[in-house]
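S.K.: Predicted coordinates and the sequence they were generated for:
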Amino acid sequence: MPTPREDAPPARPHLRVPAQVPPPDLLGLRETLVGGVAAAVLIAVIYAGSRALTTFDSALIGYAVAIVALTFAVVARYARWLRMPSTGRYWRRGWQQFASWSNFRRLPSLLPRAIVGQLLTQGFIRRRGLDRWIGHQCLFWGVIGATLITFPLVFGWLVFHLEPGTTEMYRMWVFGFPTITFDTSSFIGWSMFRALVYTAVLVIIGCAIFLWRRFRDRAAITGQSLGYDMAPLIALLVISVTGLLLTVSTSFFDGAYYGFLVIIHMAAVVLSLVFIPFGKFFHVLQRPASVGIQMYTELGAQEPPRACARCGERLAAELFVTDLRATLEDLGQRYDLPAAEGMPQHVIELCPRCKRVARGQSYFAANGPSFATALVGEASAEER
């Protein structure tokens, strides 16, 4: 067993923990306050948008309470997510790139391409397989469409009133202001009242594709879990099927079993909303941050890359190297190198090959010739 030389300098620590670490309960308190403020703001907006609750339907109060609870949990967890040094730094960088007029003039198509490619068309999923892309598109547009319709209805921001003196003409009111009128006997009127049918069909198609993959694809089967992968799909399927059955009940069976279906539908929706901040669907709320990451990457590629401090090989962009070093320091990881002539002060300034060389030199400086002897001995033992 090699021992360090007595005259060898003490090895420098490769990991330093900051002395000032915020207590965990303080972090939780801050996030709880942020989530509470967001929930309170939503309640105030609901009150104002429904004209002091005059257009609020009390039958939908269960959905409203679930959405307020969802807002609290989502904002609190998102705040905790942004407290991570790497996430917070790159999230702020993304907003800086987004708000920069000079960057827009340099690459005017960057933001539209990032939004379309990362959020709307999800081209990165298309490269993984056509069936996965179709499933994601159906789920994405189905859920987004249902959210944009359901939330305003629940909050009382969007209501429909029968026009006086008519039996089939309705007027749509938005935030208490009258807007368009439509005939329920027309296709547009039918679609206006049953827009959730279209979104439910999209969600069912998407769920069917992913459930088929979960049962048939061996790669998906080996890595899936009931609570994280299967439960969200089953919940979406229950919500969509019961929603369609409500329409079928009122349209063809004179409301038969409507009360029972309403209870099942509401329970599935409320449980799913409460589950979002703690399950797989939270990545839907994280996905918009990828737009900033793409802008960060492409704008960094326009800058001259930083060179390795030892051999001159091309590294990443200067901004990325600087941010990486700052992030490591925030995490308490100070990978400083021993002071030597011609050597950088931090290991991230080296290319992968020079990092291995610097590591070997550090071992040799700490152990002397015994370091090389130990390596030869280990190699001989492995050969035997």
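M.R.: The structure has been received and is ready for your questions.

S.K.: From here on, just use CA atoms for contacts and neighbour counts.
M.R.: Fine.

S.K.: Tell me the buried residues in stretch 145-155?
M.R.: Of all the residues in stretch 145-155, those buried under the rule 16 or more other CA atoms under 10 Å are 145-146, 152-155.

S.K.: Report the distance from that stretch to the chain centre.
M.R.: Relative to its chain's centre, stretch 145-155 lies at 21 Å (CA atoms, centre = their mean, to the nearest Å).

S.K.: cool, stretch 97-105 as well?
M.R.: Chain-centre distance of stretch 97-105: 23 Å, with CA atoms, centre = their mean.

S.K.: what does it contact?
M.R.: With contact meaning CA atoms under 8 Å, 6 or more residues apart in numbering, stretch 97-105 is reached by 110-111, 292, 295-296, 299.

S.K.: need those in JSON lines with neighbour count and distance to Val41, can you?
M.R.: Listed next are those as JSON lines, based on neighbours: other CA atoms under 10 Å; distance: CA to CA, whole Å:
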{"residue": "Leu110", "neighbour count": "18", "distance to Val41": "33"}
{"residue": "Leu111", "neighbour count": "18", "distance to Val41": "30"}
{"residue": "Gly292", "neighbour count": "24", "distance to Val41": "26"}
{"residue": "Met295", "neighbour count": "24", "distance to Val41": "31"}
{"residue": "Tyr296", "neighbour count": "21", "distance to Val41": "32"}
{"residue": "Leu299", "neighbour count": "17", "distance to Val41": "36"}
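
S.K.: so which of these comes closest to Ala64?
M.R.: Gly292 (31.6 Å; CA to CA).

S.K.: ranges for the strands of the stretch 51-200 of the chain?
M.R.: Taking DSSP state E, counting those that start in this stretch to define them, one finds strands in the stretch 51-200 of the chain at 158-162, 169-174, 177-183.

S.K.: buried ones in the first one?
M.R.: Meaning strand 158-162. Result for strand 158-162 [16+ other CA under 10 Å]: buried residues 158-160.

S.K.: quick one: it to strand 169-174, angle?
M.R.: 150 degrees (axes from the mean of the first three to the mean of the last three CA atoms, to 10 degrees).

S.K.: ok, strand 158-162: who's next to it in the sheet?
M.R.: strand 169-174 (antiparallel) (DSSP bridges).

S.K.: From Ser272, how far out is Gly142?
M.R.: From Gly142 over to Ser272 the distance is 15 Å, taken as CA to CA, to the nearest Å.

S.K.: in the chain, which segments are predicted with low confidence?
M.R.: For the chain, applying pLDDT under 70 flags the ranges 1-27, 219, 335-345, 368-384.
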